[in-house]
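A.B. asks: Could you look at this predicted model? Sequence included:
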Amino acid sequence: MKHRTLLLAAAVLAIPLAACNQPAQTEAERAGEHAAAAADHAAAATEHAAANAVDAAQEAGAKAEVQAEQAAANTEQALADAAAATRDAASRAADATADATARAADATADAAERTAVEAREAAEAAERKAEEN
């Protein structure tokens, strides 16, 4: 009888414990489901962030390529402008040299003509002096 009482007492205690255990088990299952859902959301967010990072890197690369092409075009234009300015300066220098050469030639001709006139006048004066003597 003692054994039966003990068994009955154990059953009386075990039934409420089992009943208490069921809500805890249900709660644990729900918590596991929530944890799995949170892990799925975290994985999706990570995947989305990685895709955004790839998109941003591609966009930055494309912008850098466009900027490099624009810089190359600007450099090419600057070189063309410099070449045109150099040609223009060379042309002006050639014109100035031609003008200076022409002026020098005119001045030389004028000086030669003056010298010739002075030499003729000196010769005529010498001839008159020679006739007077």
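C.D. replies: Looks like it arrived, so ask away.

A.B. asks: helices and strands around the strand or helix carrying residue 105, which ones?
C.D. replies: Here residue 105 sits within helix 2-132, counting by DSSP states H and E. Based on contacts counted as 3 or more C-beta pairs under 8 Å, 6 or more residues apart in numbering; DSSP states H and E, there is no element that helix 2-132 packs against. Where C-beta positions appear, they are placed from N, C-alpha and C, glycine not excepted.

A.B. asks: what about residue 62, how many neighbours?
C.D. replies: Counted with other C-beta atoms under 10 Å, residues neighbouring residue 62 total 10.

A.B. asks: for the one 10 residues further on, same thing?
C.D. replies: Under the neighbour criterion other C-beta under 10 Å, residue 72 is assigned a count of 10.

A.B. asks: what distance separates the helix holding residue 105 from the centre of its chain?
C.D. replies: For helix 2-132, the distance between its averaged C-alpha position and the chain's averaged C-alpha position is 0 Å (C-alpha atoms, centre = their mean, to the nearest Å).

A.B. asks: quick one: low-confidence parts of this protein?
C.D. replies: Low-confidence regions of the chain, defined here as pLDDT under 70, cover residues 1-24, 133.

A.B. asks: Can you tell me the centre-most residue of it?
C.D. replies: For the chain, the residue whose C-alpha lies nearest the mean C-alpha position (C-alpha atoms, centre = their mean) is residue 67; its distance is 4.7 Å.

A.B. asks: measure that one to residue 60 for me?
C.D. replies: Spatial separation of residue 67 from residue 60 under the definition C-beta to C-beta, to the nearest Å is 10 Å.

A.B. asks: shared neighbours, the two?
C.D. replies: Taking C-beta atoms under 8 Å, 6 or more residues apart in numbering as the contact criterion, residue 67 and residue 60 have no common neighbours.

A.B. asks: Now do the contacts for residue 107.
C.D. replies: With contacts taken as C-beta under 8 Å, 6+ apart, residue 107 has no neighbouring residues.
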